[in-house]
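1. sequence first, then the predicted structure:
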Amino acid sequence: MAQVFVEMPSTSEWMPSRTPFRALSPWVARGALATLVFIFVVLLAVAFAYRDPPPAHPGDGDLALYGRIVARLQAGEPYYPAAHAEMLAGHYGTLSVPGWRMPFYLSLVSLFPTVDLAQGALIVLTLMAAATALLVLLRTAGRITAIAITPFLFVTLGGCLVPGVVLYSEYACGILVLLSAMCFALDRRSGGFIIGVLALFVRELALPYVLVCLLLAWQQGRRREVSAWLASLIAYVAYYGWHAYMVISQLGPADGGTTDGWLRFGGASFLVSAASFAGLLASAPMYVAAVFLVFALVGIIAWPDGADRTTPLTVLVYLFTFAFVGKPLDRYWGEIYTPLLTLGLAWTLPALRDLIGAAAARRNAAAESRAARCALGPAGKLAPDQRLDHRHARFAVVEAGDGGKLFAARFTKRLRTTNGDLFQRLQAVCREARHHHRDLLHPAFRKLRQRHVGVGR
């Protein structure tokens, strides 16, 4: 009968072997676990207490606004007059330059005959980004982990199937950021740079990502890449300056603005609501977004040392920034970084495993050091009945010498010499008076006990 052998995947294929959490000391690991539980409870409480903010405009929303602007562009109107007219009709604040979308992305969408065709192109781009992300996970986290993360990527990137999502520049920018970061992870740096710059011109919210890439390039000594990023930033500043000039040239007496700014210190509430805008997760209850945020963040923090650092640093920078910047209605900004945040789920289970293991371990450095010294096993140099006279040898790393004295040499030598001379003169045991052997018992018996001296274990 033919035998069929099935090759089982190794541990590294279904779960990454180790994370930086394994090196934590027990008390640090316990503190990290306590902090994690605290954050989890706080985010859950925030999620259950969350209420959707009231709409800022009486119109039919941003999606309809962008659709009407694209329709005007397809009809041949210039961007700024078209955007100005539609924003005034929708009662949007026009005095704030950041409130105007830059013309590049919507002009690009208007080049397609229909919005549906533009969305089809966006779906293809999303599939490319998802395939690249899975390839990175295959190389860093293993085959089974990459397969397990696929459904979560589908949920996060499944927003491309929502009708009209192509009109949101935030979604397209998030896909470009994901694709650029994965190119850097695969060491395709030219592609990562070009796609990253494209994301910046699609939406200014890609600026934190560009700054992270610039910092990493400078840290790694890539001078040409640093120069390229700086040149792209200079070009972007010029482009945004021209955009601000064109916005100001459209303003008139009918224009108004909002009194609230973008610096709102939304904290945990805004972070949870932004995480809920991760693709199809937007239709789930808010507490699901809180759970997703906590577990994915654990994996991001435990990102392996040997992997590219672009993804974890980008996520952490966005989380820190959005904790202070962003209005409650701007929660769709989460589409910028939640695709990258999803990749952290690949390291969540290994991170929790190592963190719990480090917290439960009772490591005693002194005990381990003594165990290591005992493992050296030097050969015995003392007879069994001389243990009290050579106590220090128990703690020696190498072989104990001929010491064996508990007090200072000058005092013990004088004391033992006096006592020895006295008892040697008085000794009269078995016809051995005045005999200078060091043992008090019969020499024949002492030779049996001395046989252990010099014998290894």
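-> Okay, I see it. Residues are numbered from 1 along each chain as shown.
2. confidence score at the nearest residue to residue 153 once chain neighbours are set aside?
-> Of all residues not flanking residue 153 in the chain, residue 130 sits nearest, at 5.4 Å (Cβ to Cβ, 6 or more residues apart in numbering). Every C-beta, even on glycine, is put in place using the N, C-alpha and C of the backbone. pLDDT, residue 130: 95.
3. how distant is the host helix or strand of residue 130 from the center of its chain?
-> Secondary-structure assignment from DSSP states H and E places residue 130 in helix 115-140. A distance of 23 Å separates the centroid of the chain from that of helix 115-140, by Cα atoms, centre = their mean, to the nearest Å.
4. got it, and stretch 223-238?
-> Remark: stretch 223-238 is offset 27 Å from the chain centroid, using Cα atoms, centre = their mean.
5. which residues touch it?
-> Stretch 223-238 has contacts (Cβ atoms under 8 Å, 6 or more residues apart in numbering) with 189, 193, 197, 200, 201, 210, 213, 214, 217, 218.
6. now do 6 Å
-> The contact list for stretch 223-238 (Cβ atoms under 6 Å, 6 or more residues apart in numbering) reads 193, 197, 200, 214, 217, 218.
7. once you drop chain neighbours, what's closest to the fourth one?
-> What that stands for is residue 214. Residue 214's closest residue in space is residue 229 (Cβ to Cβ, 6+ apart), at 4.2 Å.
8. for the fifth one, same thing?
-> Once flanking residues are discounted, residue 217 sits nearest to residue 225: 4.1 Å by Cβ to Cβ, 6+ apart.
9. mind checking pLDDT for the one you found?
-> 96.
10. how would you label it: helix, strand or coil?
-> helix (DSSP: H, G, I helix; E, B strand; the rest coil).
11. tell me how many other residues surround it.
-> 19 (other Cβ atoms under 10 Å).
12. where do the helices sit along the stretch 251-400 of the chain?
-> Ranges of helices in the stretch 251-400 of the chain, per DSSP state H, counting those that start in this stretch, are 267-275, 286-301, 310-322, 338-343, 348-360, 365-376.
13. now the angle between helix 310-322 and the longest one, please.
-> Counting by axes from the mean of the first three to the mean of the last three Cα atoms, to 10 degrees, helix 286-301 points 130 degrees away from the direction of helix 310-322.
14. buried residues, helix 286-301. List them.
-> Neighbour counts using 16 or more other Cβ atoms under 10 Å place 286-287, 289-301 of helix 286-301 among the buried residues.
15. relative to helix 267-275, how tilted is that helix?
-> 100 degrees.
16. any figure for the gap between the residue nearest to residue 217 and residue 62?
-> 35 Å (Cβ to Cβ, to the nearest Å).
17. cool, and residue 285?
-> On the measure of Cβ to Cβ, residue 285 and residue 62 end up 23 Å apart.
18. who's more crowded, those two?
-> residue 62 (17 against 13).
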